[in-house]
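Visitor: Quick one: sequence plus predicted model below, questions after.
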Amino acid sequence: MENSPNYLDPQTLASLEGLDLQARLVVEGYVAGMHPSPYHGFSVEFAEHREYVPGDDIRHVDWKVWCKTDKLYLKQYEEETNLLLYLLLDTSESMVYASGQNVSKLRYAQFVVAALAYMVIQQQDSVGLGLFDDSVRRYLRPASQPSHLKELFHVLEVTPAREKSNVGAVLHDLAERFKKRGVVAIFSDFFDDPARIMAGLKHFRHRRHEVIVFHVLDPAEIEFPFRETTLFRGLEGLPGILTEPHALRRAYLAELGAFLDELKTGCRMIDIDYVPLRTDQSLEGPLSSYLASREARAV
Amino acid sequence: MFFPSSPPLLWALEFANPGLLAGLAAASIPIVIHLLNRRKFREMPWAAMQFLMAAIRKNQRRVRIEQWLLLAVRTLLILLIVAAMAKPFLESFGNVIAGQRTHRVLVLDGSLSMGYTTGDKSRFDLAKDVATRLVKDSRQGDAVSLIMMGEPPRVVIGDPSPNLTEVQKEIAELTMTHGSTDLQATFEAIDRVLDVSTIPQKEVIFLTDLQSTSWRRPPATGKDGLDRVLAKLEARRPRSVIIDLGKAGSENRAVTDLTIDTPVVTAGSTPLVRAVMRNFGPSKADGVLVRLIMDGRVSSEQSVDLPVGEDVPIIFNQPFTTPGDHIVEIAMDNDPLPLDDHRWLVVPVRESLSVLLVDGHFRSEPFQAETDYLAQALAPTEGSPGQPGMIRSEVVSESQLSRRDLPAFDVVALCNVAQFSQGEVAALEDYLKQGGGLIIFGGDQVIADNYNRLLYADGKGLLPAALGPTVGGAAKKAAAFAFNPLGYRHPLVAEFRGESDPVTAGLTQTAIWQYHKLIKPADSNAQVALAFDSGDPAIIEAPRARGKVILVATSADAGWTSWPLHNSYPPIMQQMILQAAAGRLAERNIRVGQPFDQSYAAAGVSATATVVTPKGQAVASRLKGTGGVSQLHFEQTELSGTYQVRIGPPLTVESTFAADPDPAESDLAKLDRSALEQRLPGWSFSLLTNSPELSQSAASVGRRGELHRPLLYGALVLLLLETFLAWKFGYHDSSS
């Protein structure tokens, strides 16, 4: 086992073909290290009993009631599925940036999105998917069937990255679309105006969604390690800039730091979980963050 | 530290390795790298543009300034390093190229003024310290010569010596003289030393107090000589440095003169000893104690006040009771320059003076012989200038002249001697060489041609004037001439100066009927002591060899003049004897640095001579024969004080002489840069003034003018600055 590849490493994972395989390996690799099984960790809200009618799944028969009353009752849950997870992925051009050997931010986010979707469908919960740049490109309504997972993987894989991002506007749009309350996980680099982003996030919260922000950044974007004179070619239609990066490093890091602080503070203010992701990090981090977040909410 | 006393006029920059200056082009490397960086860049897509753009917007100006600053520092750094490698130096310090092999000529001022002592060190000690330090700090391969500036200068190490330890030893053994300096001879010595040097780079360092007297130009005749030597020296293009160890306004008092009022001292006499004091300092000195020390014992003392810049004479009545050499020393309270606070006078006291009177007209009857009046005049009489029994005379006829041992007499008087043989003339010349006094009277028997041919010899002989035709006629006594005392200036007649008419009448009323017309050459150093009213000289006095010749135009007896009958005759004749004898006695006192010459009888040739210097050091020598005499020539008289001379057999003579310093050396007035430039025009030098750290930092003398060290230090500072700036500007951020 020690020599078996670590599928939680994004680079190892990227060498495999097919998101379905990749998602399964991630989840199983992750689950293998956990006790007890997270499949039983999900609490579903009990609503009422109803009388058994032929054809009902006997798994939901409340045997305690049968022992006492000799009648078959089924446990009635509040929803058919116990969780609605909306996965929102930024596919704007800035997300394709990758430094060195790292996978692109988009690819990394795809792994996480796929893994989460896989995990949620495995629990019979529903998962929806939204891909956006400056507007919503694709949207899959939440569903819990395994076939849905296949479609979801397909959409993830075929949708190309392009255009500028407009996170704020898109969040407003999506907030309006999600009628049912659920968990909204947003994967983006959030290279946009923080105020508009926060406005969009607030919209979700207003609709009483739980929101987890997965902020995906490349290590180079965090550390800015460049020394040689470089022409930085702007993505998303921004002009190129020829400059001495070492002279600007501190100023750049200050700007980035201020942005991150604003984002984090804003999220905390409206009770949003903020999860920073680095594309050179293991995929275990994001999954743990998600599950920890879910458990905290369930308490 | 050393500082030039005033900024040099020209600060021309030159380079030892000018070829390396091509490397200055390397200064463009940082600029080229900068430009290449701008042209060669990597290109990459970038997502987080909004932060980069914000950073640029806020920092573009700062980044540009930082870049230019770093670029400037790096360019300057390379410029400094390349410039340092080219070894620049300032031309104003001479053409000595730092780091190259140098022939260093150290010239130490050894004159008396260098004995000025502050604390426990004299200026000469300080000069030795600095010289030692200079030698110690010389580079490997440098060679050193050593010259003492004096009169005459002494070349201690002529050939450039690379053995620096040996040079230091020589410096340690140097002792200063009490003499003066000969500037021209010193520069000539330097030039000779540089002439034999094969090392192309030369440096001459003077360690001197820059005393005005020491650095005076030689007398006018030598003016061209000094300028020529300086021009010759300059042509060798040495770096000349003067390290000034003197101080303006130094206190000094000195005994500047010591004389005795009579040319000849005889036992039992009490002549007047006259000493002159002078205060050369800037402030008055009161109550200075002056002692007369006779033969090592304090004889008398006086307290004197010495105003600034005035000669103050002091008179002592000093009896001399016994014959022989007596040492009179005048000493006063010591000041910072003690060497000139003493002065010595060796007084050879005679029992009596012996005079040989050679009579050309010898008669046995009283007052018929030529010398009778003269012999009578020299006999002791009341009121005569000498003491009773002071002069003993012996009369011989002219035929006996050649048979007498002349050196046994202090004075020989030739009275109306008709003519001389070659042998007699030679004997007389030898006699003069030994310091004898010769008095020649005219008369009717004198054969002028013989005198002119043998004694005058066209000015080369012993006579100070040629004999012309006789003037007047003694036979008829028709017309008489009178004496013109010429203002009584000459010592012979000085006694009459200021006397009343009846006294002077004894001289001026004298009748002279006949005399030889004396024809004195124009360039003669002879003095006319007395003249006739016709304007012709009556008595001519002149030094000849070491002795003295007095020529009298008229007769010694009453044949041509009535003078022997007048009361002025005896005192003047006695004075004449004393003056003539003075030559033999005066040579006992010399100036420091002058050679001591003493003549002895011919028998003394090759006799051993030992001279004991004031320091007690015995120097052996030998007498040498010159002409008909044997001679002691002693040159090591650079110390002031008394010297004992012992001549071995067959002569077996002991005598003493004294060497006194040049009073001019006591004047400590010093030169500054402009005064020195004025005195020695055309000589380029740099002047370093004395500072307390002089001996400690003498090493920097040899390195002045070099610029590569400061340049390298500057480069080092820039290197550190570049590192700091690069770190500060984030170029070398460790976290990156």
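Guide: That came through fine.

Visitor: Please enumerate the helices of the chain.
Guide: No chain was given, so I picked chain A. Remark: helices assigned in chain A by DSSP state H are A:10-14, A:19-32, A:63-69, A:105-122, A:146-158, A:167-177, A:194-206, A:219-223, A:245-269, A:284-298.

Visitor: my question was about chain B
Guide: B:29-39, B:49-85, B:123-136, B:164-173, B:183-195, B:223-235, B:372-378, B:422-433, B:448-450, B:501-508, B:569-586, B:673-679, B:708-728.

Visitor: okay if I get these as JSON lines plus distance to chain A and mean neighbour count?
Guide: Yep, even glycine has a C-beta here, placed from its N, CA and C like the rest. Shown next, in JSON lines, are the helices of chain B (distance: least, C-beta to the nearest C-beta, whole Å; neighbours: other C-beta atoms under 10 Å in any protein chain shown):
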{"stretch": "helix B:29-39", "distance to chain A": "5", "mean neighbour count": "12"}
{"stretch": "helix B:49-85", "distance to chain A": "4", "mean neighbour count": "17"}
{"stretch": "helix B:123-136", "distance to chain A": "52", "mean neighbour count": "22"}
{"stretch": "helix B:164-173", "distance to chain A": "55", "mean neighbour count": "15"}
{"stretch": "helix B:183-195", "distance to chain A": "61", "mean neighbour count": "20"}
{"stretch": "helix B:223-235", "distance to chain A": "58", "mean neighbour count": "15"}
{"stretch": "helix B:372-378", "distance to chain A": "115", "mean neighbour count": "22"}
{"stretch": "helix B:422-433", "distance to chain A": "99", "mean neighbour count": "19"}
{"stretch": "helix B:448-450", "distance to chain A": "115", "mean neighbour count": "15"}
{"stretch": "helix B:501-508", "distance to chain A": "112", "mean neighbour count": "15"}
{"stretch": "helix B:569-586", "distance to chain A": "95", "mean neighbour count": "23"}
{"stretch": "helix B:673-679", "distance to chain A": "55", "mean neighbour count": "14"}
{"stretch": "helix B:708-728", "distance to chain A": "9", "mean neighbour count": "15"}
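
Visitor: Mind putting those into a markdown table with mean pLDDT?
Guide: Shown next, in a markdown table, are the helices of chain B (pLDDT from 0 to 100):
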| stretch | mean pLDDT |
| --- | --- |
| helix B:29-39 | 77 |
| helix B:49-85 | 86 |
| helix B:123-136 | 88 |
| helix B:164-173 | 91 |
| helix B:183-195 | 90 |
| helix B:223-235 | 81 |
| helix B:372-378 | 87 |
| helix B:422-433 | 89 |
| helix B:448-450 | 92 |
| helix B:501-508 | 84 |
| helix B:569-586 | 84 |
| helix B:673-679 | 87 |
| helix B:708-728 | 87 |
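
Visitor: Can you lay out those as TSV showing distance to residue B:416?
Guide: Converted to TSV, the helices of chain B look like this (distance: least, C-beta to C-beta, whole Å):
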stretch	distance to residue B:416
helix B:29-39	106
helix B:49-85	91
helix B:123-136	60
helix B:164-173	62
helix B:183-195	49
helix B:223-235	48
helix B:372-378	11
helix B:422-433	15
helix B:448-450	13
helix B:501-508	22
helix B:569-586	15
helix B:673-679	56
helix B:708-728	87
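
Visitor: Run through the stretch 401-550 of chain B and note the low-pLDDT ranges.
Guide: Under the criterion pLDDT under 70, no range of the stretch 401-550 of chain B is flagged.

Visitor: what's the answer for chain A, then?
Guide: Checking chain A against pLDDT under 70 turns up A:1-8, A:10-47, A:76-82, A:293-299.

Visitor: per-domain residue ranges of it.
Guide: A:10-36+A:80-298, A:45-77 (automatic domain parsing).

Visitor: What of chain B?
Guide: B:13-91+B:710-728, B:99-246+B:668-704, B:253-350, B:353-586, B:591-660.

Visitor: right, and residue B:477 touches residue B:512 too?
Guide: No - with contact defined as C-beta atoms under 8 Å, residue B:477 does not count as touching residue B:512 (10.4 Å).

Visitor: which of these two has more neighbours?
Guide: residue B:512 (23 against 13; other C-beta atoms under 10 Å in any protein chain shown).

Visitor: who touches the more buried one in this structure?
Guide: Applying C-beta atoms under 8 Å, 6 or more residues apart in numbering or on different chains, we find residue B:512 in contact with B:472, B:480-483, B:532, B:538, B:554, B:560-563.

Visitor: Residue B:612 bridge partners, please.
Guide: Going by DSSP bridges, residue B:612 is paired in beta bridges with residue B:618, residue B:644.

Visitor: these two touch, right, it and residue B:618?
Guide: Yes - with contact defined as C-beta under 8 Å, residue B:612 counts as touching residue B:618 (5.1 Å).

Visitor: Of these two, which one has the most company?
Guide: Neighbour totals were compared for residue B:612 and residue B:618, and residue B:612 leads with 15 against 10 (other C-beta under 10 Å).

Visitor: Tell me who's in contact with that one.
Guide: Contacts of residue B:612 by C-beta under 8 Å, 6+ apart are B:618-619, B:643-644, B:646.

Visitor: go with 7 Å
Guide: By C-beta atoms under 7 Å, 6 or more residues apart in numbering or on different chains, residue B:612 lies in contact with B:618, B:643-644.

Visitor: And residue B:284, by the same measure?
Guide: Per C-beta under 7 Å, 6+ apart, neighbours of residue B:284: B:306-308.

Visitor: rerun at 6 Å
Guide: B:307-308 (C-beta atoms under 6 Å, 6 or more residues apart in numbering or on different chains).

Visitor: And it, how close does it get to residue B:136?
Guide: 44 Å (C-beta to C-beta, to the nearest Å).

Visitor: Could you export the contacts of residue B:612 as a markdown table, including distance to residue B:453?
Guide: Shown next, in a markdown table, are the contacts of residue B:612 (distance: C-beta to C-beta, whole Å):
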| residue | distance to residue B:453 |
| --- | --- |
| B:618 | 47 |
| B:643 | 41 |
| B:644 | 44 |
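
Visitor: Residue B:280: what's its closest spatial neighbour, skipping adjacent residues?
Guide: Spatially, and ignoring its direct neighbours in sequence, residue B:280 is nearest to residue B:252 (4.5 Å; C-beta to C-beta, 6 or more residues apart in numbering or on different chains).

Visitor: The one you found reaches residue B:670, doesn't it?
Guide: No - between residue B:252 and residue B:670 there is no contact under C-beta atoms under 6 Å: 11.7 Å.
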